[in-house]
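Give me a 3D structure for the following:
(2 chains)
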Amino acid sequence: MTGAPPQETPDPGLVFKMYRAVVGVGLVCGLAIVTVFEITRPIIARNKIEARQRAILYVLPGATDSAAFSRQAAGNFVDLPVDAPGELVFAGYDAAGGLVGLAIEAQGMGYQDIVRVLYGYSFDQQTVLAIRVLESRETPGLGDRVEKDAAFLRNFGELDVQLAAAGDALAHPIEFVKSGTKTSAWQIDGITGATITSRAVTKMLSRSTAHWMPLVYSRRAEFAKPKEGAK
Amino acid sequence: MTAEQQTTGTDEFIKGLWSQNPVFVQVLGMCPVLAVTNTAMNALAMGLATAFVLLMSNIVVSSIRGFVPKQVRIVTFILVIASFVTIVDYVIQAVSLDLHKALGAFISLIVVNCLILGRAEAFASKNGLGRSILDGLGMGIGFTFALLCLGGAREILGSGSLFDLPLFGDSFQEWVIMVLPAGGFFTLAGWLLLFNWRATRKTKSAGEVQA
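Below is the predicted model of the structure:
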């Protein structure tokens, strides 16, 4: 079954037939793959931006529109097209064009793999408004409860991320506490049975807010809605 | 081989659904069977993706069988299968990112699903186009059916829902182990038990009739 017996004299045409079959099939397959890739690439890119847009509007309740911003070397923020590469933060605007807040991405190691979340930040209240898990491979039924568990998600309704008086750090960094023992607005109640993942979400939020809040709070004016058609 | 040549087209189609079901009888392709059947939706999507690749690879392998020397047949079949899997991967991403996220790495792993190469080597490379299409369809639907049996049972017991529709009230205590890997083995064992019990009973009753 496997290969020709060694004593057989090789057919001189066989080598050509083998080349013809493998190269021919490879060529056709390659063409087919590249064609499908070219057709689906813009659709996939649009799907990804739409999925992100839905997440932005979800974590910034009341927002109807958003714009992407990137932090420059000088520390200021400039608006960019939504499909720009690099690290972006997203400003959400209500129907009247007023700034609702910022949507910022945070990521960290969960139980299985990297977990990526998007959280909404309100300048007015200096709180986190909501979070949405963008990517996670946590255990179904256990770790993935950070995406669905209503009690856990309520933690992020008005999570306090107020800056200290000096403005360069949070007054109270976000803390993880065991399920049912939350006493302050800057604490996150964990989930029993999903301790590692809920702790991981807390840690990535704590790190991300400590990094971003001092950078963005004083620069609120730079997140004004970019003029229509400017980009 | 002679028995196979005497079968009709309908037999080629039906055998994959039932008497030679790829999962419950041939026990092939266990990796996706166990890994992505935690919900009925994932099972259905994985089943359909595999069925599509199986059908297309059967069609192509059967069409080019006279053109491919036997020394390079496996590499050619794998090329064909891998190409269809890559195409399915892009198409699923274009249709639904959420679905692609749920199926994850297992779409790429359709390439090494032994069911597909198995049918290409054992059937499509030796049979005509018509029969190969029927074989691919039957085996593909049989595989999807089996995945749905597992996914449905696991979702009902492990999440209390079917296709995301809640079946029981809030008081239902989810049987979390059923959506975890262990639940895949338990459910598969249950279905295999059922199929083997049926087969044994059938042989027994056939023996009694003969006696």
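
A helix includes A:Ala106, no?
No: read with DSSP: H, G, I helix; E, B strand; the rest coil, A:Ala106 is strand and lies in no helix.

Quick check: it vs A:Val161, distance?
Per C-beta to C-beta, to the nearest Å, A:Ala106 is found 12 Å from A:Val161. Quick note: C-beta positions are derived from backbone N, CA and C, even for glycine.

what's near enough to touch residue 202?
All of this refers to chain A. A:174-176, A:188, A:190 (C-beta atoms under 8 Å, 6 or more residues apart in numbering or on different chains).

wrong one, chain B
No contacts exist for B:Lys202 under C-beta under 8 Å, 6+ apart.

Could you tell me which of the contacts of A:Thr202 are located in strands?
Among the contacts of A:Thr202, DSSP state E puts A:175-176, A:188 in strands.

Could I have the buried ones of those residues as ChimeraX selection syntax?
This is how ChimeraX selects the buried members of the ones in strands among the contacts of A:Thr202, with burial counted by 16 or more other C-beta atoms under 10 Å in any protein chain shown:
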select /A:176,188
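
Now stretch A:95-103: average pLDDT?
Averaging pLDDT along stretch A:95-103 gives 89.

contact partners of that stretch?
Residues from elsewhere that reach stretch A:95-103, judged by C-beta under 8 Å, 6+ apart: A:55-56, A:59-66, A:89-94, A:118-124, A:129, A:212, A:216, A:220, A:223-225.

distance between the ends of it?
End-to-end distance of stretch A:95-103 (C-alpha to C-alpha, to the nearest Å): 17 Å.

ok so, going back, any chance of the contacts of A:Thr202 in TSV, plus distance to B:Gly158 and pLDDT?
Compiled in TSV, these are given as follows (distance: C-beta to C-beta, whole Å; pLDDT from 0 to 100):
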residue	distance to B:Gly158	pLDDT
A:Ile174	32	85
A:Glu175	33	84
A:Phe176	28	87
A:Ile188	27	85
A:Gly190	23	83
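
Show me which of these is closest to chain B.
Chain B has its nearest neighbour among the contacts of A:Thr202 in A:Gly190, at 17.5 Å by C-beta to the nearest C-beta.

Tell me the pLDDT of the nearest residue to that closest one once chain neighbours are set aside.
Nearest residue to A:Gly190, sequence neighbours excluded (C-beta to C-beta, 6 or more residues apart in numbering or on different chains): A:Ser198, at 4.3 Å. Here the pLDDT value assigned to A:Ser198 is 87.

Run through the residues that contact A:Ser198.
Taking C-beta under 8 Å, 6+ apart, one finds A:145-146, A:152, A:176, A:188, A:190-191 in contact with A:Ser198.
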